[in-house]
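*Asks:* Prediction below, plus the sequence it came from.
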Amino acid sequence: MDEVFPRALRPAARGHHGFAAALFEGLLASGLRDVCCCPGSRSTPLALAAASTPGLRPRVHLDERSAAFFALGLARASRRPVALVCTSGTAAANFLPAVVEASHARVPLVLLTADRPPELRGWGAAQTIDQVKLYGDTVRWYVEAPCPDPHDAREDFARALGARAAAHAAGPPAGPVHLNLPFREPLAPEPEPPDAPSASARVVPAAPPPRVLRGTPEPSPALVAEIAALVAGARRPLLVCGPDDSDPALPGAVASFAGAAGWPVLADAASQVRRGPHVRDATILASADALLRDETFAARHVPDLVLRVGAPPTSKACARWLARERGARLVLLDPDGRWADPEQRAAELIQCDPVRLLGALSRCASEGAARSELRADPAWLAAWRTAERRARRALDAALAKEERLGHPHLAVELGEALPAGAVLYASNSLPVRALDGFLPVSARPLRVLANRGANGIDGVLSSALGASAAGAGPTVLFVGDLAFLHDVGALALRDLDCTLVVVNNDGGGIFHFLPIADRGEEVAFEELFAAPHGLDVCEIAAGFGIPAERVETPAAFRAALERAIDAGGLRVVEAIVDRRADVLGHRRLWEEVASALRAGEP
């Protein structure tokens, strides 16, 4: 494996990279030789350490379930412990079937599951589930490791932990061992000054403890008055709508209140607020991701109040902006009282039916005593409306010049081509982000669904086919090749009506958007993260007897998509996208938006 993973990529032994390197040294010392790695971001320190430790044989697998059973067979035949590495979230859950078999069959496995740090657990952070003792009593030994400190990697502890884990796995009795390993960002091996403070020591402005206001299910007049007073006087408010499909009446309620109060609405593509006849009643923004990547615009458009409905936004640019601007009071509106607040920024959590509360606030903003107090500064609304118009024009003009397919093209074309009332199921990773970044506002109804609970890429084909079986409307799945391969067995359900748009960029395109991509060969980026597979999606579909068509240009995609929808049944449209060109295409689009904002054209 030395030719595939050059040993020169070994990062400096500091922070979590030093911890991970020492961990694998301990595993190696206790007889472990093989490591099965699944691509992921949170597991970056583990993947790099596995690939750079002399004496280890790392292999990359695209599917955690398959990886775990591969490791099971390898460990059974070799009679040696085998390590498994995965990122956080449902990736770790996919190890479970093999863990159960290993426990009963006494096969030595060492499960190394990367995790979010403690401060992100239980706050709605993406790809975060409860991984503490995830496999219960099926493992021989479990350890929740500490989050490594940049200045004290505790390498002696990590080395001993690795050696002990492999020894426990080897037995007697042999069996699986689980080490849950939390890591904080930054995950790429970026050097820091020796005197840099640790992540845990960084000082943020103190904030009072959040309040909880409850009114489930019907908000009382007293609660409405209290919340009206809470938001009254905000001159630069924002209504942020994250992924949500809980109530078909919510988009109309959002638009009704925003229109009456003059609030701009930052609508996630999966919020159901961006598409439908209600958009005529308010200023619904679809380009927030591109707008907020421009630092000048972001700095000049800081809100004084943010009312958020639904889950945390998909857009990382939006999430970081809201987290950074501590002057903006964040109020969460959630009927179940979930603390979906990864940055712990919320000042209030309102546990109340959002449709009924927003309806009551709409009446206050239109005719009540609080009418003038609830309304935003008209100049604030006009600024966002102008920025959205400029961004949309810039995006449309730039996309019209592009001849190669990319995720932005696919998102726009899907929005244009799908009939009213269609269901668009989006896979996690790049597809859902592309829709969030580029799907325009339209009065034509479109229901956008995505598995944004734990944000995994597993089971997406089956989920979309299940949605199709509900008969809610024509169904299209927008999915990446790795997520498609994760659940390819679902294609056996050939009697359903669903068009599968599979983006084949030969690997994990999303990793090209992360800092680790800049390290290239130094960190064996292609092998460890992008993980090219070289598989032909049309051939796979043909093996199941499913009609498939391959496209490489925007015009060809639009025509193939329309043919597939018109024909009905289960069909595949394979969209060929170059990973590197796709990244450059995104950046060009963001630059065009920034230029349009600076130029100030109408």
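*Replies:* Ah, there it is. Residues are numbered from 1 along each chain as shown.
*Asks:* ranges for the strands of the stretch 351-500 of the chain?
*Replies:* Counting by DSSP state E, counting those that start in this stretch, one finds strands in the stretch 351-500 of the chain at the ranges 422-426, 446-450, 475-480, 498-504.
*Asks:* Residue 68: which of those is closest?
*Replies:* Closest to residue 68 of the strands of the stretch 351-500 of the chain is strand 475-480 (Cβ to Cβ; 21.4 Å). Backbone N, C-alpha and C define where each C-beta goes, glycine included.
*Asks:* Could you list every helix and strand in contact with the closest one?
*Replies:* helix 407-417, strand 422-426, helix 430-438, helix 460-469, strand 498-504 (3 or more Cβ pairs under 8 Å, 6 or more residues apart in numbering; DSSP states H and E).
*Asks:* Format these as JSON lines; extra columns: distance to residue 598, mean pLDDT and mean neighbour count.
*Replies:* Below are the helices and strands packed on strand 475-480 laid out as JSON lines (distance: least, Cβ to Cβ, whole Å; pLDDT from 0 to 100; neighbours: other Cβ atoms under 10 Å):
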{"stretch": "helix 407-417", "distance to residue 598": "21", "mean pLDDT": "95", "mean neighbour count": "22"}
{"stretch": "strand 422-426", "distance to residue 598": "32", "mean pLDDT": "95", "mean neighbour count": "26"}
{"stretch": "helix 430-438", "distance to residue 598": "20", "mean pLDDT": "96", "mean neighbour count": "27"}
{"stretch": "helix 460-469", "distance to residue 598": "39", "mean pLDDT": "90", "mean neighbour count": "21"}
{"stretch": "strand 498-504", "distance to residue 598": "32", "mean pLDDT": "96", "mean neighbour count": "26"}
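*Asks:* how about TSV for these, with distance to residue 60 added?
*Replies:* Shown next, in TSV, are these (distance: least, Cβ to Cβ, whole Å):
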stretch	distance to residue 60
helix 407-417	23
strand 422-426	26
helix 430-438	19
helix 460-469	21
strand 498-504	18
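*Asks:* how about those, which one is nearest residue 130?
*Replies:* helix 460-469 (21.4 Å).
*Asks:* now the closest one against strand 422-426, angle please.
*Replies:* Going by axes from the mean of the first three to the mean of the last three Cα atoms, to 10 degrees, helix 460-469 is angled at 170 degrees with respect to strand 422-426.
*Asks:* Numbering from 320 from now on, please.
*Replies:* Got it, first residue is 320 now, which makes that one helix 779-788.
*Asks:* quick one on the thing from earlier: which one of the helices and strands packed on strand 794-799 lies closest to residue 670?
*Replies:* So among these, helix 749-757 is nearest, using Cβ to Cβ, at 26.4 Å.
*Asks:* List the contacts of that closest one.
*Replies:* 587-589, 608-609, 632-634, 714, 726-727, 729-731, 733-734, 743, 745, 767, 769, 771, 797-799, 822, 828-829, 905, 908 (Cβ atoms under 8 Å, 6 or more residues apart in numbering).
*Asks:* my guess is residue 774 contacts residue 410, does it?
*Replies:* No: using Cβ atoms under 8 Å, residue 774 is not in contact with residue 410; the gap is 10.2 Å.
*Asks:* residues shared between the contacts of these two?
*Replies:* residue 446.
*Asks:* where in the stretch 420-569 of the chain is pLDDT low?
*Replies:* When residues are selected by pLDDT under 70, those of the stretch 420-569 of the chain lie in 471-472, 509-529, 531, 535.
*Asks:* quick one: the strands in it?
*Replies:* 428-434, 460-463, 495-501, 530-533, 556-560.
*Asks:* okay, now the domains of the protein?
*Replies:* With domains defined by automatic domain parsing, the chain comprises 326-501, 530-707, 724-896.
*Asks:* Looking at those domains, which is nearest to residue 915?
*Replies:* domain 530-707 (9.0 Å).
*Asks:* Give me the distance between the two termini of that closest one.
*Replies:* One end of domain 530-707 sits 33 Å from the other (Cα to Cα, to the nearest Å).
*Asks:* how far is that domain from where the chain is centred?
*Replies:* Relative to the chain's own centre, domain 530-707 is displaced by 21 Å; criterion: Cα atoms, centre = their mean, to the nearest Å.
*Asks:* And for stretch 373-383?
*Replies:* With Cα atoms, centre = their mean, you get 24 Å for stretch 373-383.
*Asks:* Would you mind checking the average pLDDT for it?
*Replies:* For stretch 373-383, mean pLDDT rounds to 93.
*Asks:* Quick check: buried residues in it?
*Replies:* Neighbour-count burial for stretch 373-383, counted by 16 or more other Cβ atoms under 10 Å, picks out 375, 377, 378, 379, 380, 381, 382, 383.
*Asks:* which one of the helices and strands packed on strand 794-799 lies closest to residue 334?
*Replies:* Using Cβ to Cβ, the helices and strands packed on strand 794-799 put helix 749-757 closest to residue 334, at 27.9 Å.
*Asks:* rewinding a little: among the helices and strands packed on strand 794-799, which comes closest to residue 547?
*Replies:* Taking the helices and strands packed on strand 794-799 one by one with Cβ to Cβ, helix 749-757 is closest: 30.6 Å.
*Asks:* The closest one to helix 726-736, inter-axis angle?
*Replies:* Using the same axes, to 10 degrees: helix 749-757 against helix 726-736 is 70 degrees.
*Asks:* For the longest helix along the chain, give the mean pLDDT please.
*Replies:* Using DSSP state H, we find that the single longest helix of the chain is helix 697-720. Mean per-residue pLDDT for helix 697-720: 95.
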